[in-house]
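S.K.: Need coordinates for the following:
(chains A, B, C and D)
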Protein chains: 2
Amino acid sequence: MPESAQDVLAAAEAAADGGESGADELWESERIVSDAIGRLMVVWGFKRNMGRVWTLLYLSDQPLRAEALRERLQLSAGAVSMTLSELARWGVVRKVFRQGDRHDYYEAESNLWKMISRVLRERERAEVLSAIEALEDGLAALGRFEHHAAQAPRRQRVQRERIEQLLELARLGRTMLDALIDHARMDASWLPRFRLGRKA
Amino acid sequence: MPESAQDVLAAAEAAADGGESGADELWESERIVSDAIGRLMVVWGFKRNMGRVWTLLYLSDQPLRAEALRERLQLSAGAVSMTLSELARWGVVRKVFRQGDRHDYYEAESNLWKMISRVLRERERAEVLSAIEALEDGLAALGRFEHHAAQAPRRQRVQRERIEQLLELARLGRTMLDALIDHARMDASWLPRFRLGRKA
DNA sequence: GCATAGTTTCACGCGTTTCTGAAACTAGTT
DNA sequence: AACTAGTTTCAGAAACGCGTGAAACTATGC
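M.R.: Next comes the predicted model:
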């Protein structure tokens, strides 16, 4: 199935993008870094391929097409599409259009702090807040229980203390996340201050 | 199968522990909180049941037997045993012995900061450090590549910058974790200072 | 308005992870 | 030393999450 017209077009496009040779191959450095970020993302509760795809986009000097990602990461078209839309929902990848080009291109958010603050914000709402709510519910349930006779007063007392400890911790977590988010959003330079007072 | 001797012993033991009635039932508050912590643990990359088991131990005013956990959480004995040893490996649960009692009892580490700093320490070593290493490897691979002709110089330049950004971020993460760990280990009161400079 | 290239969606299957149940093991008791 | 109660280990089963491939959809060009 000869496609010379297409080939010529692709070549012209590559030339327009800076005349790079081997523009579509996956470099060793890209492989190493995207795999590493992929692993890290898993730990953070994302999918491995989200990390890999995002990384390739982040390391690229230009927006990439889904097809390019599919080739370089050896994924199916479907997986690339789903991964990209998931990344887009997290706001860490953007679809960009090029004039007179009907393909969709994607690029990574290049401001890491913006990205992180966005993810933290989304996640703290879903996770820490619901944990706080549940802990408050637990405390309430314990309160209701207290009205019944003097059942296991010691166990109740200890349990109340412990749940309050957990609540305090969860609220502190929320506060830290909020601080991180607010500061990161406007200014990344505050963070080195974190070092203050450190031991070695 | 009558076991009066055993029953009497158990009753005596319960009495010694404060004469609590319903000592072995799962309270509503315990259910709510342990489920919440269980979910949170999953997000943090642990197993749901690790969170549930730890929580019950933490909320208990006394060490518990594996059997009690099995009943209250509706798990098999095997699952409880495996979960407990995993928690013990993380140092967040301890096996305790009672004089003249051949059962094994378990209790949760009750110092939350100690626990958290321990987990952070174990995990940062495994994860952030290896990410840093991989990023450095990526940079090295990029360097080797540069020796070949002037391939895609722009792509190389951008990629180097981006990897360096990631490295900076990863190192900052390491620094923050270290600070958190060091401080949490000796003193939990420093954390409210995190609030400094926050908006609302 | 049909054909074509590209993209998205989705049901299914595969690989992992987690739990169960049974057997092996340990230690205290008679 | 045999029995009993309790605990741990392990192989297999169930549950889950993820990626594939095919089909549906979209939009551009002819």
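S.K.: which residues sit against stretch A:71-87?
M.R.: Contact with stretch A:71-87 is made by A:24-26, A:30, A:34, A:47, A:49-50, A:52-54, A:56, A:66-67, A:69-70, A:93, A:95, A:106, as judged by C-beta atoms under 8 Å, 6 or more residues apart in numbering or on different chains. Placement of C-beta: from N, CA and C, glycine included.
S.K.: residues touching the residue nearest the centre of chain A, list them.
M.R.: For chain A, the residue nearest the mean C-alpha position is residue A:119 (5.4 Å; C-alpha atoms, centre = their mean). Going by C-beta under 8 Å, 6+ apart, residue A:119 touches A:90, A:92.
S.K.: Just the buried residues of the helix or strand where it lies, please?
M.R.: Secondary structure assignment for residue A:119, by DSSP states H and E: helix A:112-126. Buried residues in helix A:112-126, counted by 16 or more other C-beta atoms under 10 Å in any protein chain shown: A:112, A:113, A:114, A:115, A:116, A:117, A:118, A:119, A:120, A:121, A:123, A:124.
S.K.: Next one: the first one relative to chain B, how far apart?
M.R.: So that's residue A:112. Residue A:112 sits at a distance of 6 Å from chain B (criterion: C-beta to the nearest C-beta, to the nearest Å).
S.K.: didn't that residue look like it was pressed against residue B:172?
M.R.: No. The criterion here is C-beta atoms under 8 Å, and residue A:112 misses it with residue B:172 at 10.0 Å.
S.K.: Show me which residues of chain A sit near DNA strand C.
M.R.: Those residues of chain A that sit near DNA strand C, judged by C-beta under 7 Å from any atom of the strand, are A:3, A:65-67, A:77-78, A:80-82, A:84-85, A:95, A:102-104.
S.K.: As JSON lines, the buried residues of helix A:112-126 with pLDDT and distance to residue A:166 would be great.
M.R.: Formatted as JSON lines, these follow (pLDDT from 0 to 100; distance: C-beta to C-beta, whole Å):
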{"residue": "A:112", "pLDDT": "90", "distance to residue A:166": "32"}
{"residue": "A:113", "pLDDT": "89", "distance to residue A:166": "30"}
{"residue": "A:114", "pLDDT": "88", "distance to residue A:166": "32"}
{"residue": "A:115", "pLDDT": "88", "distance to residue A:166": "30"}
{"residue": "A:116", "pLDDT": "88", "distance to residue A:166": "26"}
{"residue": "A:117", "pLDDT": "89", "distance to residue A:166": "26"}
{"residue": "A:118", "pLDDT": "88", "distance to residue A:166": "27"}
{"residue": "A:119", "pLDDT": "88", "distance to residue A:166": "24"}
{"residue": "A:120", "pLDDT": "88", "distance to residue A:166": "21"}
{"residue": "A:121", "pLDDT": "87", "distance to residue A:166": "23"}
{"residue": "A:123", "pLDDT": "82", "distance to residue A:166": "19"}
{"residue": "A:124", "pLDDT": "81", "distance to residue A:166": "16"}
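S.K.: Among those residues, list the two that are farthest apart in space.
M.R.: A:112 and A:124 (18.0 Å; C-beta to C-beta).
S.K.: Closest residue of chain A to DNA strand D?
M.R.: Nearest residue of chain A to DNA strand D (C-beta to the nearest atom of the strand) works out as residue A:78 at 2.3 Å.
S.K.: Find the helix or strand that that residue is a member of.
M.R.: helix A:77-89.
S.K.: How about residue A:176?
M.R.: Assessed by DSSP H and E, residue A:176 sits inside helix A:153-186.
S.K.: Equivalent analysis for residue A:51, please.
M.R.: Residue A:51 belongs to helix A:48-59 when assigned by DSSP H and E.
S.K.: so that helix versus helix A:77-89, what angle?
M.R.: 70 degrees (axes from the mean of the first three to the mean of the last three C-alpha atoms, to 10 degrees).
S.K.: Please pull out the lowest mean pLDDT helix or strand from chain A.
M.R.: Least confident helix or strand, chain A: helix A:4-16 with a mean of 42, by mean pLDDT, DSSP states H and E.
S.K.: so where is chain A shaky, pLDDT-wise?
M.R.: Low-confidence segments of chain A (pLDDT under 70): A:1-24, A:146-151, A:186-200.
S.K.: Tell me the residues of it that contact DNA strand D?
M.R.: Within reach of DNA strand D by C-beta under 7 Å from any atom of the strand, chain A has these residues: A:47-49, A:74-79, A:82-83, A:100, A:102.
S.K.: Narrow those residues to just the buried residues.
M.R.: Using 16+ other C-beta under 10 Å, the buried members of the residues of chain A next to DNA strand D are A:47, A:48, A:49, A:75, A:79, A:83.
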